[in-house]
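[1] just a sequence and a predicted model for now, questions to come.
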Amino acid sequence: MARLVVVSNRVASPKERAAKAGGLAVALREALGTRGGLWFGWSGETQPNPSDTPKVFRSGRVTYALLTLDPEDQRAHYAGYANGTLWPLCHYRLGLLSFRRADWEGYRRVNEHFARALLPLLQPDDIIWVHDYHFIPLAAELRKRGFEGRIGYFHHIPWPTPDVFLSLPSHAALVQDLSQYDLVGLQTEDDVRALLTYISSEARGWIAPGGVVGLRERRFRVAAFPIGIDATAFVRDAKASVGSDEERRLHESLAGRALAVGVDRLDYSKGLPGKFAAFGELLSRYPQHRSTVTMMQIAPVSRGEVAEYRALRRELEELAGAINGEYAEFDWVPLRYLNRPFQRATLAAIYRTARLGLVTPLRDGMNLVAKEYIAAQNPEDPGVLVLSRFAGAADELTGAILVNPYDIEGMADAMNAALLMPLDERRERWQVNMAKVEGNTIHDWCERFIHELSGAIDHLDNPPKRAKRPRRG
Ligand code: ADQ
């Protein structure tokens, strides 16, 4: 079995316990452990003129290699191009997009640095799996340095439609970079369609059945790999939470009221101001829910160094204060707003208690919270998921009440319908969703990507090994 090499910006420490690490980190660690492998990423440290030699250590069958970055390059790469340019672009927020050539150059320098440092650690048969928009140029940098083996890329966030993507001054270079991978994985069929349309209409590439793409001299494949969760672990944690101290405290604090829960990183893509406004609208237009439902929004602070995120935090504090000021009673606070992370077991207890799961991003690659909420429900008395149609998860979770997150009144109506939904319908909808969550777990996703990447090179026939003119398909 070929060795697996995973590249991602953040590398989960081998000491981080499964209860704390995300499902993706646990699944990647398992995949690396089974085959033996290397996990390569940023050390979290910066230093001027950093070395090309990463810090290397082993834990079980996994080798970790962590690279230190130059502080200015790290800023240009992470806060600059990745999160100041690509993140808003891919989430359709052109008003928030900033493009600076210095950031683009810093982004590329970090990718070159990664390639220089990774190359000496590679063996020709390795399967390299690169994660996310921080590293789109990495394959190109490795190819320039002579690596011919299999490289795959998974894009965790949406891929924008061509008209949006064209707003990026570096659009052509970025897709040229993508073509250096053998397999490009996106979350949904819509994302695949968006990228393939750009390639055929703008980049003058050709598309063959199965998502095989020809762009200049390169052949690669683009396909949808919707990410899943560790469903078994969530079901187990949620069941185990019943009767726990935390669950008891939560129930006591609700005093018989229904709970509506939201769990999102504090990010402008997650549609939090609209969700707060819709809850306020629910209390305003459906007064029967006053004092009978409590909303809890868990939103750990994220990318606090970026100005837009700090502004969002202030906006939410103001909105939460306004809703509570207007509707609170001496014995009821309508909106509980928490900015801290929780252990998976605590989240599972909160999800299971909640009659409503509110997942209303303006755009989201997939949204794992939607799947976690479903997995944590009591099958006999499940809650209802209110889900944005613009989350990738909406493709699979067709048992949810789908909403348009720009329509505040429509979201309030959906919350009302969910609160009033009879048990039979709740069960039916939950079963549809749970079948999807269990049928495509994070482990299935990992295996499928690795399997398809392992075989990718055989039928792509890329030069320089066997240069040959493509047949049009
Ligand atoms: P994110 O934007 O981070 O992921 P999401 O898919 O919802 O969004 O995953 C968030 C994860 O963080 C969930 O597993 C959730 O449980 C956890 N989490 C959130 N708040 C927490 C808290 N307070 N305490 C502990 N854990 C918390 C990106 C893309 C998504 C895509 C994923 C995976 O933006 O669209 O689904 O990657 O590909």
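    Structure's in. What do you need?
[2] what score does the residue in the stretch 151-300 of the chain positioned nearest to the ligand have for pLDDT?
    As assessed by Cβ to the nearest ligand atom, the ligand sits closest to residue 156 within the stretch 151-300 of the chain, at 3.6 Å. The C-beta positions use only the backbone N, C-alpha and C, and glycine is treated the same way. The per-residue pLDDT reported for residue 156 equals 97.
[3] same deal with the one 4 residues further on?
    At residue 160, the pLDDT value in this model is 98.
[4] how close does the nearest residue to it once chain neighbours are set aside get to the ligand?
    The shortest distance from residue 160 to any residue that is not its chain neighbour, by Cβ to Cβ, 6 or more residues apart in numbering, is 5.6 Å, and that residue is residue 90. Taking Cβ to the nearest ligand atom, to the nearest Å as the measure, residue 90 falls 9 Å from the ligand.
[5] run a quick neighbour tally on residue 90.
    23 (other Cβ atoms under 10 Å).
[6] state the pLDDT value of it.
    Each residue has a pLDDT score; the one for residue 90 is 98.
[7] for it, what are its contacts?
    For residue 90, the contacting residues are 133, 157-160, 363, taking Cβ atoms under 8 Å, 6 or more residues apart in numbering as the criterion.
[8] out of those residues, who's the most crowded?
    Each of the contacts of residue 90 was scored by neighbours using other Cβ under 10 Å; the highest score is residue 158's, at 26 neighbours.
[9] remind me, longest strand of this protein?
    Across the chain, the strand with the greatest residue count (assigned by DSSP state E) is strand 37-46.
[10] partners of it, with directions?
    With DSSP bridges as the criterion, the sheet partners recorded for strand 37-46 are strand 4-7 (parallel), strand 62-69 (parallel).
[11] now render the ones you listed as CSV, adding distance to residue 48.
    Formatted as CSV, the entries for these read as follows, by distance: least, Cβ to Cβ, whole Å:
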stretch, distance to residue 48
strand 4-7, 24
strand 62-69, 10
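[12] which one of the ones you listed is the most hemmed in?
    When the strands paired with strand 37-46 are scored by mean count of other Cβ atoms under 10 Å, the highest mean neighbour count falls to strand 4-7 (a mean of 24).
[13] show me how far that strand is from its chain's centre.
    Taking Cα atoms, centre = their mean, to the nearest Å, one finds strand 4-7 lying 18 Å from the centre of the chain it belongs to.
[14] picking up where we left off before, closest to residue 24 out of the contacts of residue 90?
    Minimum distance to residue 24 across these is 13.3 Å, recorded for residue 157 (Cβ to Cβ).
[15] list the contacts for that closest one?
    87, 90-91, 132-133, 187, 364-365.
[16] include secondary structure when you put those into TSV, please.
    Formatted as TSV, the entries for the contacts of residue 157 read as follows, by DSSP: H, G, I helix; E, B strand; the rest coil:
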residue	secondary structure
87	helix
90	helix
91	coil
132	coil
133	helix
187	coil
364	strand
365	coil
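[17] by neighbours, which of those residues wins?
    Of all the contacts of residue 157, the highest neighbour tally under other Cβ under 10 Å goes to residue 364, namely 29 neighbours.
[18] ok, the spatially closest residue to it that is not a sequence neighbour to the ligand distance?
    Closest residue to residue 364 in three dimensions, ignoring its sequence neighbours and counting by Cβ to Cβ, 6+ apart: residue 391, at 4.1 Å. Residue 391 sits at a distance of 7 Å from the ligand (criterion: Cβ to the nearest ligand atom).
[19] give me the number of residues near residue 391?
    Residue 391 has 30 neighbouring residues, counting by other Cβ under 10 Å.
[20] and the pLDDT at it?
    Reading off the confidence values, residue 391 has pLDDT 98.
[21] give me the buried positions along the helix or strand of the chain with the lowest mean pLDDT.
    Evaluated with mean pLDDT, DSSP states H and E, the helix-and-strand set of the chain has its lowest mean pLDDT in helix 23-35, which scores a mean of 86. For helix 23-35, a neighbour-count test (16 or more other Cβ atoms under 10 Å) marks 23-32 as buried.
[22] make CSV from those and add distance to the ligand to it.
    Listed next are the buried residues of helix 23-35 as CSV, based on distance: Cβ to the nearest ligand atom, whole Å:
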residue, distance to the ligand
23, 6
24, 6
25, 10
26, 11
27, 11
28, 12
29, 15
30, 16
31, 15
32, 18
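[23] need those in a markdown table (columns: distance to residue 207).
    Below are the buried residues of helix 23-35 laid out as a markdown table (distance: Cβ to Cβ, whole Å):
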| residue | distance to residue 207 |
| --- | --- |
| 23 | 32 |
| 24 | 29 |
| 25 | 34 |
| 26 | 35 |
| 27 | 30 |
| 28 | 30 |
| 29 | 35 |
| 30 | 34 |
| 31 | 30 |
| 32 | 33 |
